[in-house]
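Trainee: I would like to see how this sequence folds:
(chains A and B)
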Amino acid sequence: MPVRFDRSEAPGMIRLEGDIDIGCAAELKQALEEALAGGESGPGETRISLATATGMDVTAVELLWAAERAARASGMVLALEGPVPEVLRAALREAGFARFPLADGGSA
Amino acid sequence: MANENEQFRLAFREEARELLGELEWCLLELNQKGSDCELVGRVFRALHTIKGSGAMFGFDALAAFTHKLENAFDAVRQGRLAMTPELVDLTLAALDQIRAMVEEEGGERVPEQCAAILEKVRVLVGAPAERQSGTPAQRPQSEVQGAVRAWTIRFAPGPDLMRNGADPLLLVRELGQMGRLTAEASMEEVPALHDLDPARCYVRWTMRLETAACEDALRDVFIFVEDACALEIEPEREANGQDANGQQNPGTEEGGGSTGGDGGRSPERRLDRGLEEPRKILGRRAGDQEHAGSLRVAAARLDQLVDLVGELVTVQARLSTMAARSDDAEVLAVAEEVERLTTALRENSMTLRMVPIRATFERFRRLVHDLGRDLGKQVELTTEGAETELDKTVIDQLGDPLMHLIRNSMDHGIEMPKARAAAGKRPLATIHLAARHAGGSVLIEVSDDGAGIDRDAVRARAVERGLAAVGGDLTEQEIFSLLFQPGFSTAQQVTDISGRGVGMDVVRQRVEGLRGAIDVTSRRGKGTTVALRLPLTLAIIDGLLVRVGDGSFVLPLGATLECVEITREEIAAAAGKRLAHVRGELVPYIRLRETFAVGTPAPEREQIMIVESETGRCGLVVDQVLGNCQTVIRNLGHLYRHVQGVAGATILGDGTVALILDPQRLVQEAVRAKTRGGRARSPGSTPLSEDGDSESRSAA
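Mentor: The predicted structure follows:
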């Protein structure tokens, strides 16, 4: 799958597709930083969709976790848009991220 | 290209032979120890390597067969299958098939027995082949045969782990497949988004795993990342210092156990463990480099090199002789320099062919195992001095004689367990293989703690076979040497193991072919030791050139201790006793001019070359010592094979031939002649050696 994630939709919306792994980690970090900086629309709410993601490695988990913390620290919102596929949640639970919101489908 | 492929296949064959040897060793160890995680791991990895390399070089049938066998050991590793003698035997049989496939030209033929072996393995594993690699959900608890233990695993990926292509989540998942896993990921180390290196893993895991797999199997999960992470694996312990399985943790009492007295939980302990890993890795890398610094060379090329050095040594001897005759100082200087270099080159090239005898010894573990099973005898093989080095050409020819000796011990020497118990011995018999350097030779001993040699049975059989006269007076030494006569066998029935009456004869022929000697020691009810004395090398030796009459002879320098003079008067004064006073000690001597029937008159002063023999110090009297010489050993050929006391011949610098003497054999022959003569003539004559009362020795 050539496009790993897509942030071309609405401002503040990041759609992650396929396997989110180290290969696109630098790009994801940049996207998250831009989204949290507010981009053109200024600070606000950033939504992340994992509905079409099929897998993620630990770099993606770390980036989303760090981004959520950064958002909270600056009074912004980083939330999940839509459901997280069960296969992804199960994989995260199995890997020890049971308390991580992504694993139970809650907000990032 | 085709050539290159063939080279790779040859390299694979060599590697596979080594791995098969290691596998055999591990399996036989496992058979003795029952279960040992490290050994099971080694078996698994060796099979894995054979499979991988085999597939790479086109041995597809072999790879497929090995893969299925490997699955069984994966099950053992994970505690799903017990390590039983049955599995050991099956795997040994499978190794024989793998060996056949490795050696086979096309490498594609699947031996018929393979399917039967795999079927038996499948039955042992107790599950259809598809389920062997299944997920934990597919493995019913009934398959788990090992004890389930709880482990605490702390895993902290290093900065480069992700960049090296590893995925920690996959590792955690793999652990999850080994049992019931509870994983807890810690995000404490993850920095703020801005400072976060997106290609690095900051997450740390603490996991609890309930599994029947052993620690090595757990560590194997991390085998490819262990130099890029900090890893702690320890059995989980409860407050009372016992692990969760109720076993006392050695670390609790000793404090020096692998887990540490505090269970590795204190920061200091963790730091120690953290440091321990890189040190281990450094050690391994150093080992790798050592490996990279060595080179595999075909034995034939080394033989060629040694042959060429042999020619060079001969030519150099001629050069030295010619230079000595000329008065040209420059030619002399060059000749001396060439001699120095030739000596260095010879010593160097000879060491290239020296290999430890370990591999030969290890080969017999399988023989002892299989024979023990077939004969219903319990026998363990112990070894000593396996690091002793011998010329490869000697080692290559040593396999058969040793095999015959071991077969003979197993069949005739060692009693059935019941008979052993009745004799007050432990049922488990021992065959001991030992090697050590002794002067210029190597001494290899095959000992057993069996019944010893029944001298009366040997004598009776010898008479029956016409090898000895009825009522003939035979010494114990002579009785033992009958064992090595062609066609001799004391076994009442010809068995598959030995008893064909050819084995021991082959031993004697081979050992003599190697310029070696056999010595038998036996104590009734206690056991038998057969010692083989072999030369270190069959190629080139340092020698002392001596003259007896008109002939030149070479004495191996390694066998010679010192040289003393003896005058005609002293010889006359001894009144035929042939004993010399050497610094207060009486040393018996042999006059070589008598041994070789030299007719020329003896010089006024002769030289006694003192050598160390089995029976103590002994002298060989020669006319004159001419000096040192490097000696290329040439075989005398079949016609002279039975000439006693001569080990070979060599070509001297002036083109003449000199015989190389075998001091051991000369002394043995003299002892034998003396004993025979003494018995026939006067009982009061001085023997060259004293026989022990309860022990007896014989040179065959």
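
Trainee: So what touches the helix or strand B:Cys114 falls within?
Mentor: Element membership of B:Cys114 [criterion: DSSP states H and E] is helix B:113-125. For helix B:113-125, the external contacting residues (Cβ atoms under 8 Å, 6 or more residues apart in numbering or on different chains) are B:65, B:68-69, B:71-72, B:75, B:80-81, B:84, B:86-87, B:90-91, B:93-94, B:97, B:128-129, B:132. The way it works is simple: take the backbone N, C-alpha and C, and place the C-beta from them, glycine included.

Trainee: of those residues, buried ones?
Mentor: Neighbour counting with 16 or more other Cβ atoms under 10 Å in any protein chain shown marks B:65, B:68-69, B:71-72, B:75, B:80-81, B:84, B:87, B:90-91, B:94, B:97, B:132 as buried within the contacts of helix B:113-125.

Trainee: residues contacting the residue in chain B that chain A sits nearest to?
Mentor: Distance from chain A to each residue of chain B (Cβ to the nearest Cβ) is smallest for B:Ala183, at 3.2 Å. Residues counted as contacts of B:Ala183 (Cβ under 8 Å, 6+ apart) are A:Glu94, A:Ala95, A:Gly96, B:Val172, B:Leu175, B:Gly176, B:Trp205, B:Thr206, B:Met207.

Trainee: if we take those, which one ends up nearest to B:Leu398?
Mentor: Sorting the contacts of B:Ala183 by distance to B:Leu398 puts B:Leu175 at the head of the list, at 48.2 Å, by Cβ to Cβ.

Trainee: Report how many residues lie close to residue 20.
Mentor: Just going to use chain A. 24 (other Cβ atoms under 10 Å in any protein chain shown).

Trainee: wrong one, I was asking about chain B
Mentor: For B:Leu20, using other Cβ under 10 Å, the count is 18.

Trainee: what does B:Pro85 give?
Mentor: Counted with other Cβ under 10 Å, the burial measure for B:Pro85 works out to 13 neighbours.

Trainee: From A:Gly38, how far out is it?
Mentor: Counting by Cβ to Cβ, to the nearest Å, the separation of B:Pro85 from A:Gly38 is 72 Å.

Trainee: Kindly report the same for B:Ala335.
Mentor: Relative to A:Gly38, and taking Cβ to Cβ, B:Ala335 is found at 93 Å.

Trainee: So between these two, which is more surrounded?
Mentor: The residue with the greater number of neighbours, taking B:Ala335 and A:Gly38 and applying other Cβ under 10 Å, is B:Ala335; the counts read 20 against 15.

Trainee: Report the buried residues of the strand or helix carrying the more buried one.
Mentor: Taking DSSP H and E as the criterion, the element that holds B:Ala335 is helix B:329-352. Within helix B:329-352, the residues that qualify as buried are B:Ala335, B:Val338, B:Glu339, B:Thr342, B:Leu345, B:Arg346, B:Ser349, B:Met350, counting by 16+ other Cβ under 10 Å.

Trainee: Any idea which residue of chain A lies closest to chain B?
Mentor: Using Cβ to the nearest Cβ, A:Gly96 is the residue of chain A that sits closest to chain B, at 3.2 Å.

Trainee: Am I right that that residue is in contact with B:Trp205?
Mentor: Yes - A contact is recorded between A:Gly96 and B:Trp205 when judged using Cβ atoms under 8 Å, the distance being 5.5 Å.

Trainee: mind checking the longest helix of the chain?
Mentor: This is for chain A. Secondary structure of chain A per DSSP state H: the longest helix is helix A:58-73.

Trainee: oops, I was thinking of chain B
Mentor: If each helix of chain B is counted by residues according to DSSP H, the longest one is helix B:2-33.

Trainee: Can you list the neighbours in contact with the helix or strand hosting B:His404?
Mentor: When secondary structure is defined by DSSP H and E, B:His404 falls within helix B:399-408. The set of residues external to helix B:399-408 that reach it, using Cβ under 8 Å, 6+ apart, is B:360, B:363-364, B:367-368, B:371, B:431, B:433, B:444, B:446, B:497-498, B:503-504, B:506-507, B:510-511, B:530, B:532.

Trainee: Just the buried residues from the residues you listed, in PyMOL please.
Mentor: Here is the PyMOL selection string for the buried members of these, based on 16+ other Cβ under 10 Å:
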select buried, chain B and resi 360+364+367+368+371+431+433+444+446+497+498+503+504+507+510+511+530+532
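
Trainee: Show me the contacts of helix B:399-408 that map onto helices.
Mentor: B:Thr360, B:Arg363, B:Phe364, B:Leu367, B:Val368, B:Leu371, B:Gly503, B:Met504, B:Val506, B:Val507, B:Arg510, B:Val511.

Trainee: The stretch 401-550 of chain B: strands as residue ranges?
Mentor: Ranges of strands in the stretch 401-550 of chain B, per DSSP state E, counting those that start in this stretch, are B:429-438, B:441-448, B:517-523, B:527-535, B:540-548.
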